[in-house]
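Colleague: sequence and predicted structure are below.
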Amino acid sequence: MQKWGDTARSPARMEGRLYIGEDYKKEFHPQDYLKTYYAFDLGNVAEYEILKFNLKNLFETFSPGGVGGDILIDIGTGPTIYQLLSACEAFREIIVSDYSEQNLREVEKWLKKEPGAYDWSPVVQSVCELEGDRSRWQEKEARLRRTVTRFLKCDVNQPHPLGPAQVPPADCVLTTLALECACSDVHAYRAAIRNLVGLLKPGGHLVTAVALRLKEYMVDTKKFFGLHLEKEMVEKALQEAGCQVLRCQYAPFSYSEAHCINDGICFVVARKGPGA
Ligand SMILES: C[S@@+](CC[C@H](N)C(=O)[O-])C[C@H]1O[C@@H](n2cnc3c(N)ncnc32)[C@H](O)[C@@H]1O
């Protein structure tokens, strides 16, 4: 993996090119992203700590008696499914969505067990362990495969992020590590939160994991823009969009410097108020 200090041979660094916005359609390669942030055999300790933090919070959020219902929409799914592993026990239907076709295709590959699909089984096993029975990981994979019913294009910067797709108001909107990549400034971030709240039923939940004080992140040799957000800015955006923040969990974790410049992470559960 390219180190950030090792700038001379990086085309992105040489060009000084910072990818953002529409670049996600062509320049964000799912397999490179997965190798950088979700492959732990090379000892990516920092990335693993962040994944564990998110998995634990997702488990606590979607465990029996917690957030659940008919429909969950995952926004900016990317090529990953880890964020859906606890949720698939709590919802009848999950809709995944992303700005880029190739990310949706990568998730579809896993769901359909196609050749070359990413191996999530170690992560599925850890979630089953959190839930109390590591041995049921294959049952969980099968359950997730049954629960994801639709793949939709989305753009969080649009007032209707799912475009013309007919989607009933959701019980939950989930978004992990996506808005801080998709929004170019804080004004756009607040608008995106409002757009996502618009997809919820009154009383529905918005659940989000955010990499804080993000600056840039690498996907192989390509450098992508990241928005600097403080925990308080996330909470304020949710409140301004008519949500009550129920839980905001902070951890002082950062990614490996070679991959990403950030400082801290937060996991937030909010509920849409009746008037929002
Ligand atoms: C860092 S990845 C996060 C992927 C995954 N959710 C995770 O937890 O690892 C950022 C994701 O945001 C998506 N994205 C970028 N711009 C977007 C937009 N305008 N609307 C929705 N998603 C967008 C990208 O395609 C990418 O999948």
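Modeller: Right, received. Where do you want to start? Residues are numbered from 1 along each chain as shown.
Colleague: identify the residues contacting the residue sitting nearest the centre point of the chain.
Modeller: The structure's the chain has its C-alpha centroid closest to residue 176; by CA atoms, centre = their mean the separation is 2.4 Å. Contact analysis of residue 176 by CB atoms under 8 Å, 6 or more residues apart in numbering lists 54, 74, 76, 80, 83, 208, 209. No exception for glycine: its C-beta is placed from N, CA and C like everyone else's.
Colleague: one more time with 7 Å, if that's ok
Modeller: Contacts of residue 176 were listed using CB atoms under 7 Å, 6 or more residues apart in numbering, and they are 54, 83, 208, 209.
Colleague: count the neighbours of the third one for me.
Modeller: Burial of residue 208 is recorded as 25 neighbouring residues (other CB atoms under 10 Å).
Colleague: now the strands for the protein?
Modeller: 69-75, 91-98, 148-153, 170-176, 200-211, 216-219, 222-225, 243-251, 260-261, 265-272 (DSSP state E).
Colleague: run me through the strand neighbours of the last one, direction for each.
Modeller: Right, the one you point to is strand 265-272. Using DSSP bridges, the strands paired with strand 265-272 are strand 200-211 (antiparallel), strand 243-251 (antiparallel).
Colleague: the first one too?
Modeller: Using DSSP bridges, the strands paired with strand 69-75 in its sheet are strand 91-98 (parallel), strand 170-176 (parallel).
Colleague: same question, the shortest one
Modeller: Strand partners for strand 260-261, identified by DSSP bridges, are recorded as strand 216-219 (antiparallel).
Colleague: the strand it pairs with close to the ligand?
Modeller: No - using CB under 6 Å from any ligand atom, strand 216-219 stays clear of the ligand, with a minimum separation of 6.8 Å.
Colleague: residues contacting that strand, please?
Modeller: With CB under 7 Å, 6+ apart as the criterion, strand 216-219 contacts 2, 18, 28-29, 32-33, 36, 223-226, 259-261.
Colleague: repeat for stretch 111-131
Modeller: Residues contacting stretch 111-131 (CB under 7 Å, 6+ apart): 34, 55-56, 59, 81-82, 85-86, 109-110, 134, 136-137, 140-141, 145, 148.
Colleague: for that stretch, give the mean pLDDT please.
Modeller: What stretch 111-131 shows for mean pLDDT is 96.
Colleague: which one of the contacts of strand 216-219 is nearest to the ligand?
Modeller: Of all the contacts of strand 216-219, residue 28 has the smallest distance to the ligand: 5.6 Å, by CB to the nearest ligand atom.
Colleague: contact partners for that closest one?
Modeller: Here residue 28 is in contact with 100, 219 (CB under 7 Å, 6+ apart).
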